[in-house]
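Enquirer: When you get a sec, could you give me coordinates for this:
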Amino acid sequence: MLLTGLLLALLLGLAAQKLCTRIQYDLHNIPPAPGALPFIGHLHVYWRRKNFTQSFLDMHNLTTKPVLRVFLPHKLFLIVADPGIAADVLARYGPGSVPRKLPEYAAFDAATGLHGHHSILTEQDESMWLAVRKALSPAYTPAAVRANYLAVLKSYGDVAHRISASICTSSSRSIAIPHGAKPSKVGQSKPAIHMLAVASSGEVPAVLPGLGQDVQVDHHLLAAAVQTQVEGLFGMAPGQIDYLQAAHDLETAISIVHNHPAQPWLAVLHRWIPWATAAGWQLREARLRLANTCYEPIMRHVETCACPSDLSLTACLRRLIDPRTGKAPPRERLLAEVGNQIMAPETAAHTISWVLYCLATHPEAEMQLLKELKGAGMPCNGNIQAATEVLAARFDPLKGLAYLDAVISEAMRLYPAGASASPRQTEKPTMVGPYRVPAGVVVFPSLFVVNNYSGSWGADAREFKPERWQAADAAIDSVTGAPRFLPFSAGPKNCIGLALGQVAVRTAVALLLSNFSFKPAACMGKHEDVMASTMLALTLKVEGGMWLTATQRTG
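Expert: Purely as a prediction, here's the structure:
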């Protein structure tokens, strides 16, 4: 009898709480996302689909609602498609802000392997986040980007030379496979990642006209992004880091830990008994290599470099002071920041990959862009040295090329590398658009959803149309007047490397396109297969890699 009374009291209490919440807040007015299942809600969306934000986009387009409720067993999400609401949530700072305090961010720390130490991406203390942001900002100012431009050009020039060399080795039937790794499947087995291999005489074979070679471009581009950070922003001498190995280990770590938020038992398993699963052991090995052969050499450089540039990340980290103690952070905290600075440029690598994919699948856009590049003085004849000299003649010489900017913007709209944006969680009653919501609600302004929502972009939102950027107000929502194009997030916590990323993307696209034509490799299948294999693991990417067949241009 007593147990029955206690159970009844509990049920009445829950009912009263629910009624009180319904009266005080507007959750019941927010349309629910379709497809919820008993007990687990929408958790199956995370388990079933690699790019779960595509599922959210489908829900928004089906319901035509700009904000939807998504239920998980342990929390309530609001998925935001309306660009005005998304920009408002992301732009807030101070008393009215929606903080970025979610356990899901622990996955990013796990990717670097430095448990218990946050970086600027995952920092939960607002005062420390602000101190880190201010300390690192000089390394990403326009003056710093200009100073590091030649390092950017060298990094992507090295990619062009590696691709050219892989075509040469293919013609001589000499192929090397790096690190013993085998790519995963998308439709069929992927070809090996071809690296620089030359004949024993040291001579590189001549490129056979029309000969193509399958290349995992995102892998090489991630290596270039890491190289830019190390040699440019940290100011280290070449040859101290194996960039291709670092890229491989980053890809491995990120692809594994991205499952941790939806399957938290994996995080426990991978951390405490990594040998229990193949993925856990791969994660352990990747993080150990990153720590020992990448982060530690950089950290030693930060500690011992005699005369670092004031605008270098080396000098910036030396100047960092923890506002809570008035002292420099412990070495482990600085190492976490080093890890983030190496991992974060993954967004640039995948942005360039998606631009090349869009051009590879739209030859008419490729021809128009080549015409514009030739008009700007690019040789576009497969001569890497000549193209590099044009780009090196002055800082960012292709800035302002209308069609180049349009192609990049359209690719970034369709496939925003930072597609997950920055999920936030309310700590007190908060207005999200017209809705008042209680504390503890996750607000998810997904950039993939915002940039592809048909309610903002029209019925052709999922089509690649660079011409839509011919209008001066293309990035503005015609109904609300709010920015509808948010490729780098928004507000005070937007991408700190925005200016550097823009220069890197323009430089890499122009340099690679002027020397190679690209087509999707046979192993990628059709466009539908690529979309089915797209996954969101820190950034938007293709599971198994972006494989394109590169053919060197000729005069």
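Enquirer: The residue lying closest to Pro438 once chain neighbours are set aside: what's it in contact with?
Expert: Counting by Cβ to Cβ, 6 or more residues apart in numbering, Pro438 lies nearest to Tyr25, which is 5.2 Å off, once chain neighbours are set aside. No exception for glycine: its C-beta is placed from N, CA and C like everyone else's. Contact analysis of Tyr25 by Cβ atoms under 8 Å, 6 or more residues apart in numbering lists Pro429, Tyr435, Arg436, Val437, Pro438.
Enquirer: same thing but at 6 Å, please
Expert: Arg436, Val437, Pro438 (Cβ atoms under 6 Å, 6 or more residues apart in numbering).
Enquirer: Next: Asn51.
Expert: So Asn51 contacts Thr534, Met535, Leu536 (Cβ under 6 Å, 6+ apart).
Enquirer: List the contacts of the strand or helix carrying Val226.
Expert: Here Val226, judged by DSSP states H and E, is contained in helix 217-227. Contacts to helix 217-227, defined as Cβ under 6 Å, 6+ apart, come from residues 155-156, 159, 162, 193, 243-244, 246-247, 342, 345-346, 348-350, 352-353, 356, 545-546, 548.
Enquirer: State the distance from Arg319 to Ile342.
Expert: Look at Arg319 and Ile342: by Cβ to Cβ, to the nearest Å, they are 20 Å apart.
Enquirer: Correction: the previous question concerned Ile85.
Expert: 33 Å.
Enquirer: Check Glu285 too.
Expert: Glu285 is 17 Å from Ile342, by Cβ to Cβ.
Enquirer: where in the stretch 451-555 of the chain is pLDDT low?
Expert: Counting by pLDDT under 70, the ranges of the stretch 451-555 of the chain that qualify are 491-492, 555.
Enquirer: And the chain, by the same measure?
Expert: The chain contains residues with pLDDT under 70 at 1-3, 5-23, 48-49, 94-96, 100-106, 113-116, 170-210, 420-421, 491-492, 555.
Enquirer: What are the boundaries of the strands in it?
Expert: Per DSSP state E, the chain carries strands over the ranges 67-72, 75-80, 212-216, 424-425, 430-432, 435-437, 441-444, 516-520, 534-537, 539-542, 547-552.
Enquirer: Buried residues, stretch 379-390. List them.
Expert: If you call a residue buried by 16 or more other Cβ atoms under 10 Å, then stretch 379-390 has these buried ones: Pro379, Cys380, Gly382, Asn383, Ile384, Ala387, Thr388, Val390.
Enquirer: From Ala386, how far out is the first one?
Expert: Here Pro379 is placed at a distance of 5 Å from Ala386 (Cβ to Cβ).
Enquirer: Equivalent analysis for Val503, please.
Expert: Per Cβ to Cβ, Val503 is found 21 Å from Ala386.
Enquirer: Over to Cys358?
Expert: Distance from Cys358 to Ala386, by Cβ to Cβ: 26 Å.
Enquirer: what's around Leu536, how many residues?
Expert: 20 (other Cβ atoms under 10 Å).
Enquirer: Grab the nearest non-local neighbour of it.
Expert: Asn51 (5.0 Å).
Enquirer: Over to Ala225?
Expert: Nearest one to Ala225, counting by Cβ to Cβ, 6+ apart, is Pro345 at 3.6 Å.
Enquirer: Just give me the closest of the contacts of Asn51 to Arg146.
Expert: Leu536 (33.1 Å; Cβ to Cβ).
Enquirer: Would you check how far apart the closest one and Phe516 are?
Expert: Here Leu536 is placed at a distance of 28 Å from Phe516 (Cβ to Cβ).
Enquirer: What of Met59?
Expert: Between Met59 and Phe516 the computed distance is 39 Å (Cβ to Cβ).
Enquirer: Please apply the same query to Leu540.
Expert: 23 Å.
Enquirer: now swap in Glu251 and tell me
Expert: 22 Å.
Enquirer: Neighbour count for those two, which is higher?
Expert: Higher neighbour count among Glu251 and Phe516: Phe516, with 24 against 21, using other Cβ under 10 Å.
Enquirer: I'd guessed that one sits against Ala550; true?
Expert: Yes - between Phe516 and Ala550 there is a contact under Cβ atoms under 6 Å: 4.5 Å.
Enquirer: what residues are shared contacts of those two?
Expert: With Cβ under 6 Å, 6+ apart as the test, Phe516 and Ala550 reach no residue in common.
Enquirer: Please enumerate the helices of the stretch 201-350 of the chain.
Expert: Counting by DSSP state H, counting those that start in this stretch, the stretch 201-350 of the chain has helices at residues 217-227, 243-257, 264-272, 278-290, 296-304, 313-319, 331-343, 346-360.
Enquirer: closest one to Asp460 among those helices?
Expert: helix 346-360 (14.7 Å).
Enquirer: Now do the buried residues in stretch 292-310.
Expert: Those buried within stretch 292-310 under the rule 16+ other Cβ under 10 Å are Cys294, Tyr295, Pro297, Ile298, Met299, His301, Val302, Cys305, Pro308, Ser309.
Enquirer: residues touching the second one, list them.
Expert: With contacts taken as Cβ under 6 Å, 6+ apart, Tyr295 has the following neighbours: Leu335, Val338, Gly339.
Enquirer: okay, now the second one: neighbour count?
Expert: Right, Val338. Counted with other Cβ under 10 Å, the neighbours of Val338 add up to 25.
Enquirer: Repeat that for Ala344.
Expert: Counted with other Cβ under 10 Å, the neighbours of Ala344 add up to 22.
Enquirer: Got phi/psi on it?
Expert: Per-residue torsions, Ala344: phi -60, psi -40 (degrees, to the nearest 10).
Enquirer: correct me, but Gly235 touches Asp310?
Expert: No - at 10.9 Å, Gly235 does not count as touching Asp310 under the criterion of Cβ under 6 Å.
Enquirer: Quick check: neighbours shared by the two?
Expert: Any residue near both Gly235 and Asp310 by Cβ under 6 Å, 6+ apart counts here, and not one turns up.
Enquirer: Who is Ser489 paired with across the strands?
Expert: Pro487 (DSSP bridges).
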